[in-house]
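> when you get a sec, could you give me coordinates for this:
(one chain, ligands or ions: 1)
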Amino acid sequence: MYEEIKQAADFLASKMAVSPKIGMITGTGLGTLTDSMEVGFRLAYNEIPNFPQSTIEGHKGTMAVGKLAGEPVIALEGRFHIYEGYTPAEITFPVRVMAELGIKHLLISSASGGLNPNFETGDLMVVTDHINLTGTNPLIGPNLDSFGPRFPDMSAVYDPDSVRLARNEALKLGILLRQGVYVGITGPSLETPAETRFLRMIGADAVGMSTVSEAIVGVHCGLKIIAIVVITNMNLPDCMEPTSLEKVIATAHKSGSELTTLWKRIIEKGLT
Ligand code: HPA
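Numbering: from 1, shown residues only. Reported below is the predicted structural model:
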């Protein structure tokens, strides 16, 4: 595994003039984030050694390297999910590659279903903590000692300073930013009403099919993590409405510009 990571990282490093300190992952319908990037170069995942391939609608499957808000960034346009058939270690391979390239901050965006009844479709939520309910873990297998310890501490996965910065800047921008706990499931089926009630009862505010594996590997690599998710649909057990991928993508698109504004401001203010 480490050799494969190193090979991909060396290939990318040979194309980069500077090494970005910020890595970003965009989610379903959120690929427009990189429209406001000054792109130095962009590669399809199949051009990068050992990268998995993105298989689903709403995800581009490219890596863009350049500047956002004046700062060098690496942006993954499209991610991998457990439900595509990849192992948790495979879906987080790109996070390892970015860590090997020297990023310090991992900025995660994704689409999610709202469980907190105070939320509304289209809201943004900064993740303060997560519950890994995927039934697996990306760190299963031999430990990659050069990245981190066998038993990484998970007491503060989402960097409290970054969360505070996001909340303060959202307030100044007049953007409503919710905060809460994200529960990660594998999907691809959505939740039944009974499952939705269970997820709310165990303390989650939003549910989605990504983010947690990436965050676990980010922690293992010693990255400072910040995740902001779009509530693309509301999941309320007593009045469940059918959800479709089309709806999720449409809402993510709509809230995408607010999320881009917020990410740019967070980057401009300087992540520490
Ligand atoms: N459930 C799980 N994942 C999701 C949802 C949802 O309702 N919406 C977007 N991703």
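> the most centrally placed residue in the chain and the ligand, how far apart?
Central residue of the chain (Cα atoms, centre = their mean): Ile108, 2.9 Å from the mean position. Distance, Ile108 to the ligand, by Cβ to the nearest ligand atom, to the nearest Å: 14 Å. Yep, even glycine has a C-beta here, placed from its N, CA and C like the rest.
> what sits against that residue?
Each residue near Ile108 by Cβ atoms under 8 Å, 6 or more residues apart in numbering is listed here: Met24, Ile25, Gly27, Val127, Thr211, Glu214, Ala215, Gly218, Ile225, Ile226, Ala227, Ile228.
> beta-bridge partners for it, please?
Ile25, Ala227 (DSSP bridges).
> list the buried ones in the longest helix along the chain?
Longest helix in the chain, counting residues (DSSP state H): helix 245-269. For helix 245-269, a neighbour-count test (16 or more other Cβ atoms under 10 Å) marks 245, 248-249, 251-253, 255-256, 258-260, 262-267 as buried.
> what about that helix, average pLDDT?
Computed over helix 245-269, the mean pLDDT rounds to 86.
> which residue does the stretch 101-250 of the chain have closest to the ligand?
Gly113 (2.3 Å; Cβ to the nearest ligand atom).
> wait, that residue sits on Met234?
Yes: contact criterion Cβ atoms under 8 Å: Gly113 and Met234 qualify, at 7.1 Å.
> which one of these two has more residues nearby?
Between Gly113 and Met234, counting by other Cβ atoms under 10 Å, Gly113 is the more crowded of the two (26 against 20).
> past the host helix or strand of that one, which element shows up next along the chain?
Using DSSP states H and E, Gly113 falls within strand 105-114. For strand 105-114, the succeeding helix or strand toward the C-terminus, using DSSP H and E, is strand 124-132.
> quick one: list the elements packing against that next one.
Counting contacts by 3 or more Cβ pairs under 8 Å, 6 or more residues apart in numbering; DSSP states H and E, strand 124-132 packs against strand 105-114, helix 160-173, strand 177-184, helix 212-220, strand 224-234, helix 245-269.
> switch the cut-off to 10 Å
strand 105-114, helix 160-173, strand 177-184, strand 206-208, helix 212-220, strand 224-234, helix 245-269 (3 or more Cβ pairs under 10 Å, 6 or more residues apart in numbering; DSSP states H and E).
> wait, does it contact the ligand?
No: using Cβ under 6 Å from any ligand atom, strand 124-132 stays clear of the ligand, coming no nearer than 12.0 Å.
> please apply the same query to stretch 23-40.
No: Stretch 23-40 is not in contact with the ligand by Cβ under 6 Å from any ligand atom; minimum separation 6.9 Å.
> coming back round to it: grab the nearest non-local neighbour of the residue of the stretch 101-250 of the chain closest to the ligand.
Spatial nearest neighbour of Gly113, excluding adjacent residues (Cβ to Cβ, 6 or more residues apart in numbering): Asn235 at 4.2 Å.
> starting at the chain centroid, how far to stretch 20-39?
11 Å (Cα atoms, centre = their mean, to the nearest Å).
> do the same with stretch 165-182
Distance, centroid of stretch 165-182 to centroid of chain: 17 Å (Cα atoms, centre = their mean).
> which parts of that stretch are buried?
In stretch 165-182, counting by 16+ other Cβ under 10 Å, buried: Leu165, Ala166, Glu169, Ala170, Ile175, Leu177, Arg178, Gln179, Gly180, Val181, Tyr182.
> in JSON lines, list those residues along with distance to the ligand and pLDDT.
Shown next, in JSON lines, are the buried residues of stretch 165-182 (distance: Cβ to the nearest ligand atom, whole Å; pLDDT from 0 to 100):
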{"residue": "Leu165", "distance to the ligand": "25", "pLDDT": "96"}
{"residue": "Ala166", "distance to the ligand": "20", "pLDDT": "96"}
{"residue": "Glu169", "distance to the ligand": "25", "pLDDT": "96"}
{"residue": "Ala170", "distance to the ligand": "21", "pLDDT": "96"}
{"residue": "Ile175", "distance to the ligand": "20", "pLDDT": "95"}
{"residue": "Leu177", "distance to the ligand": "18", "pLDDT": "97"}
{"residue": "Arg178", "distance to the ligand": "15", "pLDDT": "98"}
{"residue": "Gln179", "distance to the ligand": "18", "pLDDT": "98"}
{"residue": "Gly180", "distance to the ligand": "14", "pLDDT": "98"}
{"residue": "Val181", "distance to the ligand": "14", "pLDDT": "98"}
{"residue": "Tyr182", "distance to the ligand": "10", "pLDDT": "98"}
